[in-house]
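# build me a model from this:
(chains A and B)
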2 protein chains.
Amino acid sequence: MARQNIYDNETFFEEYRKLREREVNANNLFEIPTLFSLMPDLAGKNVLDLGCGSGERCVDYMKRGARSVTGVDISEKMLAAARSENSAPGITYLNMAMEDVGALDGVFDVAISSLALHYVEDFPGVVRNVRRLLCDGGIFLFSQEHPLATCYSGTGDRWTRDENGRKLHVNIANYCVEGRKESTWFVEGVQRYHRMFSTIVNTLADSGFRILKMVEPAATEEIVREYPEYYDNYHKPDFLFIKAVKTAAEEGDRV
Amino acid sequence: MARQNIYDNETFFEEYRKLREREVNANNLFEIPTLFSLMPDLAGKNVLDLGCGSGERCVDYMKRGARSVTGVDISEKMLAAARSENSAPGITYLNMAMEDVGALDGVFDVAISSLALHYVEDFPGVVRNVRRLLCDGGIFLFSQEHPLATCYSGTGDRWTRDENGRKLHVNIANYCVEGRKESTWFVEGVQRYHRMFSTIVNTLADSGFRILKMVEPAATEEIVREYPEYYDNYHKPDFLFIKAVKTAAEEGDRV
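Predicted coordinates for the structure are as follows:
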């Protein structure tokens, strides 16, 4: 199946870096705090970071006491940034697609993926490989774009607005039509793979994971007071988080 | 907490009965087939039906070999219909709110609820009671209105249409605002309780259930060919199904 490497697109790479360097963005306000609120104890743990990008989180995981962090990313440009900006003893960066981690050796205690799995076509394959790489009781924690975001394709505004441009509601179409959706984000033709909630949940359940926690972070009143543009998060969350535990084989058997 | 008994409203009761008597409706096309596709083997089992209404399903469960079926409903009018139309040896109808099943004695193998839980404010309370009433390894299978439906409040059209009235997309607002939503369905002021996917999943996980399967039934191509009005199900499913198994206490412990 296709392995998208949009982060090696020159324009995308530059624009994405600029976005993440902004002091206030949805990542800082919602994604990173939620990710760390769900983080298991990393002390002494071997951590796999799927879609590690430029490696900021790998450093964070080491600071939390991880024994090792293996960061995997398909983008050479992102990994070049990671190696120059976020190298540290214990961190290994590997240039490979998430879909190919089945080739890795080693046993990990925790697998983390931040905002990368919506780029992956073969989600069941990644989940199977993660399960194989995790120890018994190992944790799989990931965020992805929310299914109400990934279902969108096209280049138009996905919001209906009043005459002042204020967002009234999000326009949802084809939520039940899964698969590749193309949209424009910095560049045209960014491919994301839409999966319904049920597909994500069933893939984990069928592959031998038990969901411990699902989070759809919404704007808090405090955030909206300070950054009114984020009130649209009341209508549609940007992100979906799942924390799951690898179950024993027999527990994974279907009833 | 409030216990809504809208089915004892005269107008609602009559209109609802008419809807369900139509040969083709969303229940016949999607809800009932999906419910039975997820049904565990009922042979020799004691079944609890939460929100049994007029009891058609209770008869179906007996036909599938159930040892007993206990149908619980808050509406006296629905239960009167159940007793006159769907009585059978082994079926017991009880006039009580789903929220009060904690008062029941007995151990059940399977608890089923079809399209009733979105009327319940205290979902965690119902889930706790169901868990207590189930045997080890017991199955909880329920359908409810889909979260993209329960998030809606108001009386206006929830669709954006083209000049010919054809539905283009569903207008989603306040998905992240949970709780009571009032809308008009046959009568004004029907109260449904909106819960995000994450709240439903976490309530089950935190209460000692492991999700085996989640289904959001969409229109099939065959259905849309025969009944074109159901193409809107591609945009927004009507229903959410969850099949979960009661886990041992220690498995329910949070990691």
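# switch to C-alpha atoms for all contacts and neighbour counts from now on
OK.
# I figured residue A:77 hits residue A:8, correct?
Yes - with contact defined as Cα atoms under 8 Å, residue A:77 and residue A:8 form a contacting pair (5.7 Å).
# pick out whichever of those two has more residues nearby.
For residue A:77 versus residue A:8, the count of surrounding residues by other Cα atoms under 10 Å in any protein chain shown is larger for residue A:77: 18 against 15.
# part of a strand, is that one?
No - with the criterion set as DSSP: H, G, I helix; E, B strand; the rest coil, the secondary structure at residue A:77 is helix rather than a strand.
# check the gap between it and chain B for me.
Remark: distance between residue A:77 and chain B (Cα to the nearest Cα, to the nearest Å) = 35 Å.
# before we move on, what about residue A:63?
Using Cα to the nearest Cα, residue A:63 is found at 21 Å from chain B.
# neighbours around the closest residue to residue A:138 other than its chain neighbours, how many?
Sequence neighbours aside, residue A:109 is the residue nearest to residue A:138 in space, at 4.9 Å (criterion: Cα to Cα, 6 or more residues apart in numbering or on different chains). Residues near residue A:109, counting by other Cα under 10 Å, number 20.
# just say helix, strand or coil for residue A:109.
Secondary structure of residue A:109, per three-state DSSP, is strand.
# OK, contacts around it?
A:45-47, A:134-135, A:137-139 (Cα atoms under 8 Å, 6 or more residues apart in numbering or on different chains).
# can you check residue A:78 too?
With contacts taken as Cα under 8 Å, 6+ apart, residue A:78 has the following neighbours: A:7-8, A:13, A:53-54.
# what about those, which one has the most neighbours?
Highest count within the contacts of residue A:78 by other Cα under 10 Å belongs to residue A:53, 26 neighbours.
# helix or strand for that one, which one?
Secondary-structure assignment from DSSP states H and E places residue A:53 in no helical or strand segment.
# how about it: what's its closest non-neighbour residue?
Among residues not flanking residue A:53 along the chain, residue A:78 sits closest, at 5.1 Å (Cα to Cα, 6+ apart).
# show the pLDDT at the one you found.
Residue-level confidence at residue A:78 comes out at 94, pLDDT.
# how far away is it from residue B:148?
As defined by Cα to Cα, to the nearest Å, residue A:78 lies at a distance of 37 Å from residue B:148.
# same question for residue A:240.
Relative to residue B:148, residue A:240 is positioned 15 Å away (criterion: Cα to Cα).
# likewise residue A:28?
Shown here: residue A:28 relative to residue B:148, a distance of 27 Å by Cα to Cα.
# ok, the residue nearest to residue A:53 to residue B:157 distance?
Going from residue A:78 to residue B:157 by Cα to Cα gives 46 Å.
# what does residue A:21 give?
Using Cα to Cα, residue A:21 is found at 41 Å from residue B:157.
# equivalent analysis for residue A:181, please.
Counting by Cα to Cα - residue A:181 and residue B:157 are separated by 27 Å.
# ok, the two, which is more surrounded?
Between residue A:181 and residue B:157, counted using other Cα under 10 Å, residue A:181 has the larger neighbour count: 17 against 9.
# run through the bridge partners of the more buried one.
Note on residue A:181: beta-bridge partners residue A:192, judged by DSSP bridges.
# residues contacting it?
With contact set as Cα under 8 Å, 6+ apart, residue A:181 has these partners: A:150-154, A:191-194.
# residue A:190 belongs to a strand?
Yes - for residue A:190, which was evaluated using three-state DSSP, the result is membership in a strand.
# report the contact partners of it.
In this structure, residue A:190 makes contact with A:6, A:182-184, judged by Cα under 8 Å, 6+ apart.
# mark which of those residues are buried, thanks.
A:6, A:182-183 (16 or more other Cα atoms under 10 Å in any protein chain shown).
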